[in-house]
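> Test case, fold it:
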Amino acid sequence: MKPKIIAFDIDGTTINNYRKVDQSTLNALIDLSKRGYILVPTTGRSLDGIPKPIRDLNICDYAISSNGARITNLRTMEDIDSDLMSTELAIKIVEIVKPYRVWTSLHINGECYDQSWLQKMGRRILFHNDFKSHPTVRDLSSFIKDNNYEVEKIQIFTLSHRKLERVLSELEPLKCISYPMSANRYYEITQEGANKGRSLQILCEHLGLSMDDVFAIGDDSNDIAMLKIAGISVAMGNAHQAVRDAAQFQTEKNTEQGFAHAIYKYVISEDS
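Modelled structure (predicted):
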C-alpha cells in the first residue's frame with residue numbers, strides 16, 4: 001500500500017555524523033512534498049530543535065517532538081495533542097538527579113532549556129551547534145515550580161555508567177519512561193505512555209488515516225515504537241540491532257545517504 005505520511009527521525013537518520021543534513025536528504029524531502037506526501041519530523045528533539053535546513057524548506061506539515069510528548073501542526077503552530085509530565089513529577093525527577101551532578105536539560109513548550117553550568121563544563125562541545133541557541137537557567141527545579149510548567153522531556157547525560165545506573169534505579173518507581181541513547185550514557189525521560197508510535201496513531205486519527213498509511217524511518221531506541229506499528233518501516237544502517245529487529249527493512253547508514261536511498265527505494269519508486 002502506498003503511504004500517505006512520511007515520519008522521519010532526525011538525529012542519526014536525516015543528520016549525518018558531522019551534524020549536517022545532506023543535500024540528498026533535502027532533495028528527497030522536496031521530491032516527497034511535490035508528490036503530496038505528508039511530511040512529519042518525528043524526533044526526540046524539542047520543536048525548536050528541528051534543523052534549520054529542514055525548517056527552511058517549509059514543506060513539513062506536522063511535527064512530533066520530545067519523543068512523542070507533543071504533536072504540532074506546523075502550518076498553524078497549534079498543538080494537536082500533548083502528553084506532559086506534571087509540574088510535581090518533573091520537579092521530583094530533577095531533585096532526584098540533582099545530587100549526582102549529571103548534565104540535565106528540559107523540554108518545555110517546544111524549547112530546550114539547559115542548566116547554566118553546562119556551558120562551562122563543555123556540553124556544547126560534546127553535542128552539537130544546535131544547543132548554542134538554547135536558553136539557560138540557574139536552577140531547574142525553581143524554574144519549573146515558579147512557572148508552574150508541565151514538562152515534555154528531561155534529558156540526562158553522564159560519562160559514568162555507575163552514576164547513571166544509580167540515577168535510573170531511583171527514577172524507576174516514578175511514572176515515567178526513559179530511552180537510552182548514545183551508548184547508554186544519555187537518557188531521555190518522558191511521561192509514561194509518551195512515545196513516537198502513540199503520537200503517530202493520534203495524528204493518523206486526527207487526519208482520518210491509519211498506521212497502514214505511515215512510512216517510518218529511524219535509528220535509535222526511541223524509534224522502535226513507531227517502527228513496530230508503521231505500514232512500512234525502515235531502520236538506518238547505523239541503527240542498533242533492536243531497532244533493526246523492529247523494522248521491516250534496512251537502508252544504508254546516515255553517512256551513506258541512507259535516508260534518501262530508503263525514500264527512493266520504498267516510497268518514490270513505488271509511486272511511479
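
> Can you give me the neighbour number for the nearest residue to residue 164 once chain neighbours are set aside?
Closest residue to residue 164 apart from its sequence neighbours, by Cβ to Cβ, 6 or more residues apart in numbering: residue 158 at 5.3 Å. For the C-beta atoms, the positions are set from N, CA and C on the backbone; glycine is no exception. Per other Cβ atoms under 10 Å, the neighbour tally for residue 158 reads 18.

> Quick one: residues contacting residue 158.
By Cβ atoms under 8 Å, 6 or more residues apart in numbering, the contact list for residue 158 reads 100, 102, 103, 164, 167, 185.

> Which of those sits closest to residue 92?
residue 167 (12.9 Å; Cβ to Cβ).

> Please check the contacts of residue 158 and keep the buried ones.
Buried members of the contacts of residue 158, counted by 16 or more other Cβ atoms under 10 Å: 102, 103, 164, 167, 185.

> my read: the third one touches residue 185, true?
Put plainly, it is residue 164. Yes. Assessed by Cβ atoms under 8 Å, residue 164 is found in contact with residue 185 at 6.7 Å.

> for the stretch 101-250 of the chain, what spans make up the strands?
Assigned by DSSP state E, counting those that start in this stretch, the strands in the stretch 101-250 of the chain fall at 103-108, 111-115, 136-137, 153-157, 176-181, 186-191, 214-218, 232-235, 249-250.

> The second one vs strand 153-157, what angle?
Orientation check (axes from the mean of the first three to the mean of the last three Cα atoms, to 10 degrees): strand 111-115 against strand 153-157 gives 40 degrees.

> Residue 148: neighbouring residues, count only.
Number of residues near residue 148 (other Cβ under 10 Å) recorded here: 7.

> what's the nearest residue to it if we skip its chain neighbours?
residue 87 (5.6 Å).

> Next up, the contacts around the one you found.
By Cβ under 8 Å, 6+ apart, the contact list for residue 87 reads 144, 145, 148, 149, 150, 151.

> And those residues, which of them are buried?
For those, buried by 16+ other Cβ under 10 Å: 144, 149, 150, 151.

> of all those residues, which two lie farthest apart?
144 and 150, at 8.8 Å, using Cβ to Cβ across these.

> quick one: common contacting residues for the two?
87, 90, 108.

> Give me the domain ranges for this protein.
5-82+194-267, 87-190 (the TED database).

> Mean pLDDT added to the ones you listed, as a markdown table?
As requested, those are exported to a markdown table (pLDDT from 0 to 100):
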| stretch | mean pLDDT |
| --- | --- |
| domain 5-82+194-267 | 97 |
| domain 87-190 | 83 |
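
> so what's the spatially most central residue of the chain closest to, chain neighbours aside?
By Cα atoms, centre = their mean, the chain has its centre lying nearest to residue 44, at 1.7 Å. Once flanking residues are discounted, residue 44 sits nearest to residue 67: 4.7 Å by Cβ to Cβ, 6+ apart.

> Next up, the contacts around the one you found.
With contact set as Cβ under 8 Å, 6+ apart, residue 67 has these partners: 43, 44, 153, 179, 188, 190, 194, 195, 196, 222.

> thinking again about what came up before, ok, the shared contacts of residue 144 and residue 150 vs residue 9, which is closest?
Closest to residue 9, out of all of the shared contacts of residue 144 and residue 150 and judged by Cβ to Cβ, is residue 108, at 21.8 Å.

> All the helices of the stretch 151-272 of the chain, in order from the start?
Counting by DSSP state H, counting those that start in this stretch, the stretch 151-272 of the chain has helices at residues 161-171, 196-207, 224-229, 241-246, 258-263.

> which stretch among these comes nearest residue 51?
Proximity to residue 51 (Cβ to Cβ) singles out helix 258-263 among the helices of the stretch 151-272 of the chain, at 12.6 Å.

> got a list of contacts for that closest one?
Under Cβ under 8 Å, 6+ apart, the answer for helix 258-263 is 6, 8, 13-14, 22, 24-25, 27-28, 31-32, 217, 234, 236-238, 249, 251-252.
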